[in-house]
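A.B. asks: turn this into a model:
(chains A and B)
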Number of protein chains: 2
Amino acid sequence: MEEIARHKCFDGDLSIRRHTSTATQCPMEFSIFVPPGKGPFPTLIFLSGLTCTWENFTTKAGAYGAAAKAGIIIIAPDTSPRGDGVADDPEGAYDLGLGASFYLNATEPPYAAHYRMEDYIARELPTVAAQYFPVDLNRLALSGHSMGGHGALTLGLKYPDLFKSITAFAPITAPSQVPWGQKAFAAYLGSDQANWQAHDATALMTAAGDRTKAAPILIDQGGGDAFLDQQLKPDLFAAACQKTGQPLTLRLQEGYDHSYYFITSFIADHIDWHRKNLSQF
Amino acid sequence: MEEIARHKCFDGDLSIRRHTSTATQCPMEFSIFVPPGKGPFPTLIFLSGLTCTWENFTTKAGAYGAAAKAGIIIIAPDTSPRGDGVADDPEGAYDLGLGASFYLNATEPPYAAHYRMEDYIARELPTVAAQYFPVDLNRLALSGHSMGGHGALTLGLKYPDLFKSITAFAPITAPSQVPWGQKAFAAYLGSDQANWQAHDATALMTAAGDRTKAAPILIDQGGGDAFLDQQLKPDLFAAACQKTGQPLTLRLQEGYDHSYYFITSFIADHIDWHRKNLSQF
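C.D. replies: Numbering: from 1, shown residues only, chains lettered A, B, ... in the order given. Got it, this is the predicted structure:
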């Protein structure tokens, strides 16, 4: 594992790393913030949205002051495989291919070879990070923004023994029902929509059994978000949660848009939410 | 004045503006964060360093949570004039021309026409901003980073009736004595070093009278900053402050570098410092 850069920040240690992933079969970069003090630390993985890399959250979220105070590690991975030989959308669209993995394992060519981000996030990254940093693998949390919020909800629901606390900012909650998700799922998973359901938070929640005892989920959604009605649809997920008894706090934050200015305004709340959820383990 | 973008942030209002400056004779952009509540508000102008625009501080400093809490407006202007007809270094160096104004009024061609950033920051921007936003012109503060720290110290010392509180992050404190400053001053002000002294914080402080009753200055300097010994030299400024009695808190922050990860770690302290200084007016 290579260290690309390192910065002291809020008395903690921010490191940018590159490693060769066995899941995606290409080099992957991520940032990791380790708070001051003695670990192992509860660890939050934050999944960014379309067009992002590890850098957006790392530079713009303003999260590390709260993470230092809470004693939480934050890992910000990339949003897709990258590099020579990694397929991109032939038209170079921002919502497919590079920067737009949707955090799933693609089954369709040309994406199936490298687009295995579900395996990367859920099966590889935590253990790889724990080899080099004081990550407590028994206290992992997931959060994310937009496409990354979709990733946090779906992977959190699919791997509950691994990720014990979930939050999201403006997540794509029902990708099978919205243009962003339909385009990506058709390309990555093929046209049989039955195969999409395992990657759709609302479908996963609808199919779940009784979740009244599951860890509570926090979702913040900007009321002034231009993507709210067409792409994000938190009401669909909220309705599914109501059916299964999943404790959900869905906050419609009036006037906030889809940008990192929204995320930075509420990231401390999410860090505190995870701190509380993970303190039981 | 044109609004380029607007974002709700920490219950306040972040606006990106473009206006035609009479000082620089070109369009200038700045960001302004207005906290929630009823103004007029004490106002901090933050001057960024070499290569930056208004965007670096605005997206990376993580300042607006503390500004919202303190009830302080923050304006982040650009670091130089820009646009058609604005001279740049013929070699395109990062430390001269565009993004590298040193916040002074250039006297030498080809820079003299537009590089009038001292006039822009000290004579135009505050009053222009106050026409559109609840800026309290009797409670203005200056801060900045690196070249912008130089700008904050020099303009703060030259316009004490206007800027009543000064702080800086890793400022170039004695530009006449270091490579960055010598290169820029020669190009902007000519070879007669007597003309440099009015734009050199250490020279200004040395020439000042008794400053025991001046507002205290806060400087944070990263101990792991790669530019510390060759370009920044806070000890020279500290020695000058000692001669005049200027109250100075110079904090060497062990292990911190020259990046915005350093600024974000301490920006809340600076906002609080300005809040206290300005609360007397």
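
A.B. asks: make it CA atoms for all contacts and neighbour counts henceforth
C.D. replies: OK.

A.B. asks: which residue is the nearest non-sequential neighbour of residue A:187?
C.D. replies: Once flanking residues are discounted, residue A:187 sits nearest to residue A:108: 6.8 Å by C-alpha to C-alpha, 6 or more residues apart in numbering or on different chains.

A.B. asks: now that neighbour, what's its secondary structure?
C.D. replies: coil (DSSP: H, G, I helix; E, B strand; the rest coil).

A.B. asks: contact partners for it?
C.D. replies: Counting by C-alpha atoms under 8 Å, 6 or more residues apart in numbering or on different chains, residue A:108 touches A:187, A:188, A:189, A:190.

A.B. asks: remind me which helix or strand the first one belongs to.
C.D. replies: Under the assignment given by DSSP states H and E, the secondary-structure element containing residue A:187 is helix A:179-189.

A.B. asks: tell me the buried residues in that helix?
C.D. replies: A:180, A:181, A:182, A:183, A:184, A:185, A:186, A:187, A:188, A:189 (16 or more other C-alpha atoms under 10 Å in any protein chain shown).

A.B. asks: and the next helix or strand past it?
C.D. replies: According to DSSP H and E, the helix or strand after helix A:179-189 is helix A:201-207.

A.B. asks: please report the distance of the residue of the stretch 101-250 of chain A found nearest chain B from residue A:234.
C.D. replies: In the stretch 101-250 of chain A, the residue found nearest to chain B is residue A:224; the distance is 9.0 Å by C-alpha to the nearest C-alpha. Computed as C-alpha to C-alpha, to the nearest Å, the residue A:224 to residue A:234 distance reads 14 Å.

A.B. asks: which of these two has more neighbours?
C.D. replies: Legend: neighbour count by other C-alpha atoms under 10 Å in any protein chain shown for residue A:224 and residue A:234, higher for residue A:234 (22 against 16).

A.B. asks: give me the nearest residue to that one, chain neighbours excluded.
C.D. replies: Using C-alpha to C-alpha, 6+ apart, the nearest residue to residue A:234 is residue A:173, at 5.8 Å.

A.B. asks: now swap in residue A:104 and tell me
C.D. replies: Distance criterion C-alpha to C-alpha, 6+ apart; nearest residue to residue A:104, sequence neighbours excluded, is residue A:118 at 4.4 Å.

A.B. asks: and for residue A:272?
C.D. replies: residue A:70 is the one closest to residue A:272 (C-alpha to C-alpha, 6+ apart), at 7.0 Å.

A.B. asks: show me where the stretch 1-150 of chain A has its strands.
C.D. replies: Here the stretch 1-150 of chain A has its strands, by DSSP state E, counting those that start in this stretch, at A:2-9, A:12-21, A:26-34, A:41-47, A:73-77, A:135-144.

A.B. asks: now render the ones you listed as TSV, adding mean pLDDT.
C.D. replies: TSV is the format used below for the strands of the stretch 1-150 of chain A (pLDDT from 0 to 100):
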stretch	mean pLDDT
strand A:2-9	98
strand A:12-21	98
strand A:26-34	98
strand A:41-47	98
strand A:73-77	98
strand A:135-144	98
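
A.B. asks: present those strands as TSV; the columns should include mean neighbour count and distance to chain B.
C.D. replies: Shown next, in TSV, are the strands of the stretch 1-150 of chain A (neighbours: other C-alpha atoms under 10 Å in any protein chain shown; distance: least, C-alpha to the nearest C-alpha, whole Å):
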stretch	mean neighbour count	distance to chain B
strand A:2-9	16	5
strand A:12-21	18	9
strand A:26-34	23	11
strand A:41-47	26	17
strand A:73-77	27	15
strand A:135-144	24	18
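
A.B. asks: same list (these) but as a markdown table, adding distance to residue B:255.
C.D. replies: Shown next, in a markdown table, are the strands of the stretch 1-150 of chain A (distance: least, C-alpha to C-alpha, whole Å):
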| stretch | distance to residue B:255 |
| --- | --- |
| strand A:2-9 | 6 |
| strand A:12-21 | 10 |
| strand A:26-34 | 15 |
| strand A:41-47 | 22 |
| strand A:73-77 | 19 |
| strand A:135-144 | 23 |
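
A.B. asks: which one of those lies closest to residue A:156?
C.D. replies: The closest of the strands of the stretch 1-150 of chain A to residue A:156 is strand A:135-144. By C-alpha to C-alpha, the value is 6.6 Å.

A.B. asks: check what contacts the closest one and list those residues.
C.D. replies: So strand A:135-144 is contacted by A:39-49, A:73, A:126-127, A:129-130, A:149-153, A:156, A:162-169, A:171, A:274, A:278, A:281 (C-alpha under 8 Å, 6+ apart).

A.B. asks: now with 7 Å, please.
C.D. replies: The contact list for strand A:135-144, computed with C-alpha atoms under 7 Å, 6 or more residues apart in numbering or on different chains, reads A:40-48, A:126, A:129, A:149, A:151-152, A:156, A:162-169, A:274, A:278, A:281.

A.B. asks: and the most centrally placed residue in chain A, how far is that from residue B:277?
C.D. replies: Nearest to the mean C-alpha position of chain A, by C-alpha atoms, centre = their mean, lies residue A:47 at 2.9 Å. Residue A:47 sits 41 Å away from residue B:277, taking C-alpha to C-alpha as the criterion.

A.B. asks: quick one: pLDDT of the residue nearest to residue A:234?
C.D. replies: If you check residue A:173, the pLDDT there is 98.

A.B. asks: kindly report the same for the one 5 residues further on.
C.D. replies: pLDDT, residue A:178: 98.

A.B. asks: hmm, it is touching residue A:231, no?
C.D. replies: Yes: using C-alpha atoms under 7 Å, residue A:178 makes contact with residue A:231 at a distance of 5.3 Å.

A.B. asks: one step back: list the contacts of the residue nearest to residue A:104.
C.D. replies: A:103, A:104, A:105.

A.B. asks: neighbour-wise, which of these leads?
C.D. replies: For the contacts of residue A:118, the largest number of neighbours (other C-alpha under 10 Å) sits with residue A:103, at 25 neighbours.

A.B. asks: can you tell me the closest non-neighbouring residue to that one?
C.D. replies: What sits nearest to residue A:103 in space, not counting adjacent residues and going by C-alpha to C-alpha, 6+ apart, is residue A:117, at 4.7 Å.

A.B. asks: sorry, back to before: let me see the contact set for the residue of the stretch 101-250 of chain A closest to chain B.
C.D. replies: A:254, A:255, A:256, A:257.

A.B. asks: separation between the last one and residue A:270?
C.D. replies: Yep, that's residue A:257 we're talking about. Per C-alpha to C-alpha, residue A:257 is found 17 Å from residue A:270.

A.B. asks: try the first one
C.D. replies: Using C-alpha to C-alpha, one obtains 18 Å as the distance from residue A:254 to residue A:270.

A.B. asks: got the residues of the stretch 51-200 of chain A near chain B?
C.D. replies: Within the stretch 51-200 of chain A, the residues that sit near chain B (C-alpha under 7 Å from any C-alpha of the partner chain) are A:59, A:60, A:62.

A.B. asks: restricted to helices, list these.
C.D. replies: A:59, A:60 (DSSP state H).

A.B. asks: which stretches of the stretch 101-250 of chain A have low pLDDT?
C.D. replies: Within the stretch 101-250 of chain A, no stretch has pLDDT under 70.

A.B. asks: run a quick neighbour tally on the nearest residue to residue A:252 once chain neighbours are set aside.
C.D. replies: Nearest residue to residue A:252 in three dimensions, chain neighbours excluded: residue A:221, at 5.0 Å (C-alpha to C-alpha, 6+ apart). Neighbourhood size, residue A:221 [other C-alpha under 10 Å]: 28.

A.B. asks: what of the one 10 residues further on?
C.D. replies: Look at residue A:231: counted by other C-alpha under 10 Å, it has 21 neighbours.
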